[in-house]
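Asker: let me see the structure of the following:
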Amino acid sequence: MEIKEVAKQVVDVAYKVHTALGPGLLESAYQACLAYELRKRGLFIECEVPLAINYDGLEIATAYRIDMIVERLVVIENKTVERILPIHQAQLLTYLRLGGYQLGFTINWNVIYFKSGIKRYALNLPEPQWQIEQKRK
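Answerer: Numbering: from 1, shown residues only. As a prediction, the model looks like this:
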């Protein structure tokens, strides 16, 4: 499955879960429901994935834990906070960079309207074909 289709599925399923549950639960409840729904659609989901860091020859095997990885392509960081802070954004960007991923989402489940709780982040994604064609003209 292509990364764009995986991202579309993530947004669709997250919206479904948020609509059904609303705000106010623990992060772990949303994560379990999101993983369940994504698996129902046939997607490969990993939760609480250790991410190692290397510093000057020192390897810290469990320095971080990524909340979710979908199809080994898209990283999801689940939050239940009043609002997403710059540190949350930095955290996801660090996961993308250190893990070699290109696309990720922070999802803040503690919002009234789902669209105000989801944010997409991309690192080094190739340009869409239509943009390449536009530049050639």
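Asker: which of the residues in stretch 73-87 are buried?
Answerer: 73-80, 84 (16 or more other CB atoms under 10 Å). Glycine gets a C-beta too; all of them are placed from N, C-alpha and C.
Asker: spatially central residue for the protein, please.
Answerer: Ile76 (2.0 Å; CA atoms, centre = their mean).
Asker: what pLDDT, on average, does stretch 67-83 get?
Answerer: Average pLDDT, stretch 67-83: 97.
Asker: distance between the ends of that stretch?
Answerer: Across stretch 67-83, the terminal residues are separated by 18 Å (CA to CA, to the nearest Å).
Asker: who's in contact with it?
Answerer: 1, 3, 6-7, 9-10, 23, 25-27, 30-31, 34-35, 38, 43-49, 66, 88, 91-92, 95-96, 99, 101-110 (CB atoms under 8 Å, 6 or more residues apart in numbering).
Asker: confirm the residue nearest to the centre of the chain sits in a strand?
Answerer: Yes. Checked against DSSP: H, G, I helix; E, B strand; the rest coil, Ile76 lies within a strand.
Asker: beta partners of it?
Answerer: Met68, Phe105 (DSSP bridges).
Asker: residue ranges with poor pLDDT in this protein?
Answerer: 125-137 (pLDDT under 70).
Asker: which parts of it are strands?
Answerer: Assigned by DSSP state E, the strands in the chain fall at 45-55, 58-70, 74-79, 103-108, 118-122.
Asker: got a markdown table for the ones you listed, with distance to Ala14 too?
Answerer: As requested, the strands of the chain are exported to a markdown table (distance: least, CB to CB, whole Å):
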| stretch | distance to Ala14 |
| --- | --- |
| strand 45-55 | 13 |
| strand 58-70 | 10 |
| strand 74-79 | 8 |
| strand 103-108 | 6 |
| strand 118-122 | 6 |
